[in-house]
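Undergrad: Sequence and predicted structure below; questions after.
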Amino acid sequence: MLLSRQSIVLTLLLFTVAGCSTAGSSGTTAITSVDTSTSDDSAHLAEVVEPDDGPPTRQACTSKLGSALTSAHGRLDGFLVAIVPPTYKGCNADTDHLHLQVQNHGAVYDIAVNVGGGSGVLYEARDLPAVGTAWSEGWHPNAQLDYPAMLAQHFGDFAPLDKTKLVAALQVELKDANHISIFATGYGHDGAHLVHRNGYGYDGAILVRPLSGTPRYLLFCFPDQVF
C-alpha cells in the first residue's frame with residue numbers, strides 16, 4: 001500500500017525532531033561543561049600583592065646625625081624613625097618646620113619640612129605612579145622630581161592649611177610609615193630641606209609606601225608658586 005505524500009512528510013518530521021532532541025541532549029552537557037570552566041575570568045588573573053612596608057620603628061630623636069648627604073638635590077631612601085614637631089625643644093626643631101629623622105645605613109638624617117611661615121603652605125596628598133628608580137636605601141643625588149611634568153599635579157590641586165592642621169595631617173599620613181623616600185636638597189652632610197615645589201626638576205616631596213607601584217605622595221608649595 002502506497003503512503004500518501006502527507007504521511008511521508010509527517011514521518012520525516014518525526015525523525016528530524018527525534019534526532020535534534022538526542023543531539024541537543026548530549027550537546028547541552030558539553031556546552032555546560034565549557035561554560036562552567038570559563039565563567040569566572042578572574043580565576044585566571046594573577047593577584048596583585050603590594051610589598052609589605054613592615055611595622056614602623058620609632059625611637060627618641062637624636063642630635064647625633066650622619067654625614068653622607070651632599071648639597072645636591074636628590075632622594076633619600078631610608079626608614080622613618082622619629083617625627084619632631086615644631087613645638088619640640090631640641091633635635092633641630094624650629095617653629096616653621098616639621099623635622100623628620102630618617103635612618104639610612106645605621107645613621108640618622110634630619111629632613112626639615114615647611115609647615116609654617118609668613119605666606120603659609122599649600123598641601124596635597126595623593127596616590128600616584130612611582131617615578132624614578134626603585135627604592136634603595138641610601139642618598140641618591142641628582143634624582144629629579146617635577147610636580148607638573150612628572151606627576152601631572154598643578155597649583156590648583158593644592159589646598160592651603162594652617163600650621164596646626166598641616167602638622168596634624170602629616171602626623172596621620174606618617175603614623176605607620178616605615179620605608180620612606182624624600183626628595184629634597186641637602187643643606188649639609190647631615191640633613192636636607194626644600195621639601196616643596198622648586199621647579200626645574202628640583203621639587204621636594206615625601207613618599208610613603210615607596211615600595212608600592214603607587215606610593216603616597218605628600219606634596220607642598222607656596223601661594224606665589226603658580227605652576
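TA: Alright, I've got the coordinates. Residues are numbered from 1 along each chain as shown.

Undergrad: In space, what's closest to His140 - neighbours in sequence excluded?
TA: Arg75 (4.6 Å; C-beta to C-beta, 6 or more residues apart in numbering). In this view, the C-beta of every residue, glycine as well, is placed from N, C-alpha and C.

Undergrad: secondary structure class for that neighbour?
TA: strand (DSSP: H, G, I helix; E, B strand; the rest coil).

Undergrad: For Val81, give me its contacts.
TA: Residues near Val81 by C-beta atoms under 8 Å, 6 or more residues apart in numbering: Thr57, Arg58, Gln59, Gln101, Val102, Gln103, Val108.

Undergrad: Ignore what I typed, I meant Phe183.
TA: Phe183 neighbours (C-beta under 8 Å, 6+ apart): His73, Gly74, Arg75, Ala143, Leu145, Val195, Asp203, Gly204, Ala205, Leu207.

Undergrad: Tell me which stretches of this structure form strands.
TA: Remark: strands assigned in the chain by DSSP state E are 73-84, 97-104, 107-114, 121-127, 138-141, 159-161, 179-188, 191-193, 205-208, 216-221.

Undergrad: which of the ones you listed is buried the deepest?
TA: strand 205-208 (a mean of 25; mean count of other C-beta atoms under 10 Å).

Undergrad: With only the CA atoms kept, save it in PDB.
TA: Output of strand 205-208 as PDB, limited to C-alpha atoms (Å, rounded to 0.1, in the frame of the first residue of the first chain):
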ATOM      1  CA  ALA A 205      58.200  65.500  48.300                       C
ATOM      2  CA  ILE A 206      57.700  62.800  50.900                       C
ATOM      3  CA  LEU A 207      56.800  59.400  49.600                       C
ATOM      4  CA  VAL A 208      55.000  57.000  52.000                       C
END
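
Undergrad: circling back: which of the strands of the chain sits closest to Lys64?
TA: Lys64 sits nearest to strand 107-114 of all the strands of the chain, at 7.2 Å, using C-beta to C-beta.

Undergrad: strand partners of the closest one, parallel vs antiparallel please.
TA: Note on strand 107-114: by DSSP bridges, its sheet partners are strand 97-104 (antiparallel), strand 191-193 (parallel).

Undergrad: how far off strand 121-127 does that strand point, in degrees?
TA: Interaxial angle of strand 107-114 relative to strand 121-127 (axes from the mean of the first three to the mean of the last three C-alpha atoms, to 10 degrees): 120 degrees.

Undergrad: what's strand 107-114 in contact with?
TA: 62, 64-69, 76, 78, 81-82, 91-92, 94, 96-103, 121, 170, 182, 184, 187, 190-193, 195-196, 206, 220.

Undergrad: can we see that at 7 Å?
TA: With contact meaning C-beta atoms under 7 Å, 6 or more residues apart in numbering, strand 107-114 is reached by 62, 65-66, 68-69, 76, 81, 92, 96-102, 121, 182, 184, 190-193, 195-196, 220.

Undergrad: One more: stretch 161-179?
TA: Taking C-beta under 7 Å, 6+ apart as the rule, stretch 161-179 contacts 53-57, 79-80, 83, 85-86, 98, 115-116, 121, 123, 125, 135, 208, 210-211, 216, 218.
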